[in-house]
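Undergrad: just need the structure, nothing else, for what follows:
(one chain, ligands or ions: 1)
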Amino acid sequence: MRAMKLTRIPFLTGSLLVLLLCATALGQAPPSEVDTHISTARAAAGQDYRGTFINLCIPNAPAGGGRGAAGRGGGGRGAARGAGAPATPDRAGWYASPYKVFDNLYWLGTRQHSSWALRTSEGIIIIDTNFAWATEPEIIDGLTKLGLNPRDIKYVIISHAHGDHDQGAAELQTRYGAKVVMGAPDWESTLQRPATAAGGVPKRDIAVGSEGTKLTLGDTTVTIVATPGHTPGTLSYVFPVKDEGRTVMVAYSGGTLTGAFGTDGSRWDEYVTSQRKIAKAAADAGASVMLSNHSEYDGAYTKARLAGLKREVGEQNPFIVGTDGVQRYFTVMAECALASKLRLGAK
Ligand SMILES: [Zn+2]
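TA: As a prediction, this is how the structure comes out:
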């Protein structure tokens, strides 16, 4: 035994050294640094943000956060680029009823993608749409089922110009005269689409630059924060909603996946900077609700169905995760991006 130890220890130490030297020579970070970021992200995610953690921190994670949910019936990521017209998938794979989730906020999503209606004293703001095939059944019929009038839609804010979030914008603009709000760089890519693109091409209304803006409709102001990264014009938001009469602040993450960044270090850096920026805006506002546009990231489909149930004493709205819960979400995004950048040797 003693002799074996004496011969094997130097061998193992030598192998490890060679591995580390190779990694350094290739411009890759030693594994420990990547692991540190992943551990931080895993701890921040806990059970609340498993889908976000898996999609961002685990290389080559299957579409849909390992659950496959977003891919089924959702058209998948390939169809999310606005090119071509995805046929309407089987309704059994995506349809969800609309739900009132706060006094003045309504969920109009499919089981995979979320669209939200924020009701103000002067009309409705739609936050993100969905694929074109979901506009009628989910947004228009959804509002009607909830006793709201689609004609009251005044603004449609698009977090980023990918088909799974923006294909409904042109129809809502044309039918109801809603003004479409988008990040300036994402308007540029949108306006280059052919007229035959799924859902059509909206006309440019309001372009938000890197300085962000505030959008006020009646008694409600949405603070729009430019968070470039997922796309160059990605927008995230902070806005108030009422929960049984009490004001609570929402943080809304506009774009998540980083799979297209490759070894372009500036894209990773921009993304991380954006997460810190929206995390700070959320903290400054005391945001305790975390929303996104994919159910796999914020559990919207599950929570929306729970929101309408009678609350027991001490229970709160399922969308309220606390100020710490909001910050943990953005920590997952930033730490996974830092890990991925190092892992890929991006410069
Ligand atoms: Zn996207």
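
Undergrad: so what's D48 up against?
TA: Neighbouring residues of D48 by CB atoms under 8 Å, 6 or more residues apart in numbering: 299, 321, 325, 328-329. Bear in mind the C-beta positions are built from the backbone N, C-alpha and C, glycine included.

Undergrad: how much space between it and F319?
TA: 12 Å (CB to CB, to the nearest Å).

Undergrad: among the contacts of D48, which pair sits farthest apart?
TA: G299 and R328 (13.8 Å; CB to CB).

Undergrad: am I right that K242 is in a strand?
TA: Yes - under DSSP: H, G, I helix; E, B strand; the rest coil, K242 falls within a strand.

Undergrad: from C336, how far out is it?
TA: Shown here: K242 relative to C336, a distance of 33 Å by CB to CB.

Undergrad: ok, K277 next?
TA: Counting by CB to CB - K277 and C336 are separated by 17 Å.

Undergrad: and these two? which has more neighbours close in?
TA: Neighbour totals were compared for K277 and C336, and C336 leads with 29 against 17 (other CB atoms under 10 Å).

Undergrad: now that one: how far from L291?
TA: 19 Å.

Undergrad: now tell me what touches the host helix or strand of D186 from outside.
TA: Element membership for D186 (DSSP states H and E) is helix 184-191. By CB under 8 Å, 6+ apart, the surrounding residues in contact with helix 184-191 are 82, 158, 160-161, 166, 182, 201-202, 204, 207-209, 228, 231-234.

Undergrad: 10 Å - rerun?
TA: Outside helix 184-191, the residues within contact range by CB atoms under 10 Å, 6 or more residues apart in numbering are 81-82, 158-162, 166, 169-170, 180-183, 197, 201-210, 226, 228, 231-235, 255.

Undergrad: before we move on, back to that, anything in contact with each of D48 and F319?
TA: 290, 298-299.

Undergrad: quick one, strands of the chain?
TA: 99-102, 105-107, 116-120, 123-127, 153-157, 179-183, 206-208, 213-217, 220-226, 235-243, 246-252, 289-291 (DSSP state E).

Undergrad: pick the most deeply packed of these.
TA: Across those, averaging neighbours per residue (mean count of other CB atoms under 10 Å) puts strand 289-291 on top, at a mean of 27.

Undergrad: low-confidence stretches in the chain?
TA: Residues of the chain meeting the criterion pLDDT under 70: 1-31, 61-86.

Undergrad: burial measure for G209, as a count.
TA: Counted by other CB under 10 Å, the residues lying close to G209 total 11.

Undergrad: my read: it touches M182, true?
TA: No - with contact defined as CB atoms under 10 Å, G209 does not count as touching M182 (11.2 Å).

Undergrad: what sits in contact with each of the two?
TA: Residues touching both G209 and M182 (CB under 10 Å, 6+ apart): G233.

Undergrad: closest to R311 out of the strands of the chain?
TA: The nearest among the strands of the chain, by CB to CB, is strand 235-243 at 10.4 Å.

Undergrad: now that closest one against helix 184-191, angle please.
TA: Using axes from the mean of the first three to the mean of the last three CA atoms, to 10 degrees, the inter-axis angle of strand 235-243 relative to helix 184-191 is 100 degrees.

Undergrad: ranges for the helices of the stretch 1-150 of the chain?
TA: 2-25, 31-45, 50-57, 132-134, 141-145 (DSSP state H, counting those that start in this stretch).

Undergrad: do the same with the stretch 201-347 of the chain
TA: Shown for the stretch 201-347 of the chain, the helices assigned by DSSP H, counting those that start in this stretch span residues 265-285, 295-298, 300-307, 322-344.
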